[in-house]
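>>> Okay, sequence plus prediction incoming.
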Amino acid sequence: MQVGYACINQTLGGNCDRTFKETGSRCGSCFKCLGGKPKSKIYTNRTCIARTFDINTVSQKIVANLDDLLTILRWNEDHDIRFMRLSSEMFPFMSHDRLGYEIEELPDADQILLKLRQIGQYARDNEHRLTFHPGPFNVLSSENSDTVRRTIHELNCHSRIFDLMGFEQTPYNKINIHLGSGSQDHDGARSRFIENFALLDTNTQLRLTLENDDKGNMFSVADLIPVHEATGIPIVFDYHHHQFCTGGLTEQEALELAISTWPDGITPVVHYSESRTLEQGGEAPTPAHSDLCHGPMRLYGNDVDIMVEAKAKELAVFTLDIMMG
DNA sequence: CATGGTCAAGTGGCA
DNA sequence: TGCCACTTGACCATG
């Protein structure tokens, strides 16, 4: 079992202002709290906006993002964290209709390709599991053919990065999305999803996973099962989302149903977060994520890798209270 | 150099 | 109708 976090390391990134503003307490361990300089900021989200897009700048940002990713992985290793979600912003605008590019045509392509191999090698050597979770704009089930086309391209771009890291083509390095666009018509959305899934590159198909939604009219774990049966796509169980969309299953039932969709030999991934509203003393839970974990999180005896989706990132990993039984 | 307005993209749900 | 939520705050122009 590994416990990981998503995209950003606050300690290295010095990004605790949000936590400070909303809770009044600083993390105490980021570079700002320790008196460091902004220059030393380590993060992998360097991006740009379309208006100022410049391929040379983007290429340099990618180099810096990959350098910092390796720094973060080393920090993780030092702190016994061997599971991390990579930011889709590491390669800004890569799949954009007008501004998109191939990695090979970037000015720093050689350096970037080398760094990707080095990151992959480091992850394999130290058994770090790296995953992607492309943004909510990826809707494979959309009725809009342009949206589907862009989604296919973006997912393939993500998969290509894992290929360049030298990873096997399995959901060990998953690319996770939601089914999307089916609140009024589950059957139609599932059909379109299955149809469009066939259009993805094979390596992308082999890495794709589906996550249960956080809205009652959307897709519970049970609602995703027909898609799993048609495509073999494993299901990622999100504990927090399940509260808002149970599909009539208990937490344990939904967890174990999702686990049953994973291939032998690959540890299933689950997502764990808690309600921000409850954390701040509210009455009813809402989908927005908490800063930290308060738990306990129950595993019911199952072995999974846990992606903690809390705003305080790696700091929240250390607050996770896991109940094995 | 701090601040606030703005930023590629889809969809659903709430005030 | 507008805004927030989700992957994930960062960029950039202004003072």
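Nice, I can see it.
>>> thinking residue A:76 is in contact with residue A:82, fair?
Yes - with contact defined as Cβ atoms under 8 Å, residue A:76 counts as touching residue A:82 (6.6 Å). (Glycine included, C-beta is placed from N, CA and C.)
>>> what's the overlap in contacts for these two?
Counting by Cβ atoms under 8 Å, 6 or more residues apart in numbering, the contacts common to residue A:76 and residue A:82 are A:4, A:128.
>>> What is the burial count for the closest residue to DNA strand B within chain A?
Going by Cβ to the nearest atom of the strand, DNA strand B is nearest to residue A:50 of chain A, at 2.6 Å. Residue A:50: 10 surrounding residues under other Cβ atoms under 10 Å.
>>> Identify the residue spatially nearest to it, adjacent ones excluded.
Distances taken as Cβ to Cβ, 6 or more residues apart in numbering place residue A:99 nearest to residue A:50, at 6.4 Å, with adjacent residues excluded.
>>> where does chain A have low pLDDT?
A:14-40, A:283-284 (pLDDT under 70).
>>> Near DNA strand B, which residues of it are found?
Applying Cβ under 7 Å from any atom of the strand, one finds that chain A approaches DNA strand B through A:49-51, A:88-89, A:92-96, A:135-137, A:139, A:142-144, A:146-147, A:150, A:154, A:180-184, A:215-218.
>>> Quick one, which of those are buried?
A:88-89, A:92-95, A:139, A:142, A:147, A:150, A:154, A:180-182, A:218 (16 or more other Cβ atoms under 10 Å).
>>> and stretch A:45-56, anywhere near DNA strand C?
Yes - for stretch A:45-56, a contact with DNA strand C is found by Cβ under 7 Å from any atom of the strand, at A:45-49, A:51-52.
>>> Taking the centroid of chain A, which residue is nearest it?
residue A:133 (3.2 Å; Cα atoms, centre = their mean).
>>> Correct me if wrong: that one contacts residue A:6.
Yes - at 7.1 Å, residue A:133 counts as touching residue A:6 under the criterion of Cβ under 8 Å.
>>> any common contacting residues for these two?
Once Cβ under 8 Å, 6+ apart is applied, the residues that residue A:133 and residue A:6 both contact turn out to be residue A:85.
>>> now the helices for chain A?
For chain A, the helices defined by DSSP state H occupy A:10-13, A:17-23, A:55-78, A:109-126, A:145-164, A:186-197, A:202-207, A:221-231, A:239-242, A:251-259, A:276-279, A:314-317.
>>> So which of these is the most surrounded?
Between the helices of chain A, helix A:314-317 has the highest mean count of neighbours, a mean of 24, where neighbours are mean count of other Cβ atoms under 10 Å.
>>> Show me how far that helix is from its chain's centre.
15 Å (Cα atoms, centre = their mean, to the nearest Å).
>>> swap in stretch A:162-170?
Distance, centroid of stretch A:162-170 to centroid of chain: 16 Å (Cα atoms, centre = their mean).
>>> ok, now how distant is residue A:197 from DNA strand C?
19 Å (Cβ to the nearest atom of the strand, to the nearest Å).
>>> how close does that residue get to residue A:263?
As judged by Cβ to Cβ, to the nearest Å, residue A:197 and residue A:263 stand 17 Å apart.
>>> cool, residue A:12 as well?
34 Å.
>>> Between its first and last residues, what's the separation in stretch A:136-148?
Counting by Cα to Cα, to the nearest Å, you get 13 Å between the two ends of stretch A:136-148.
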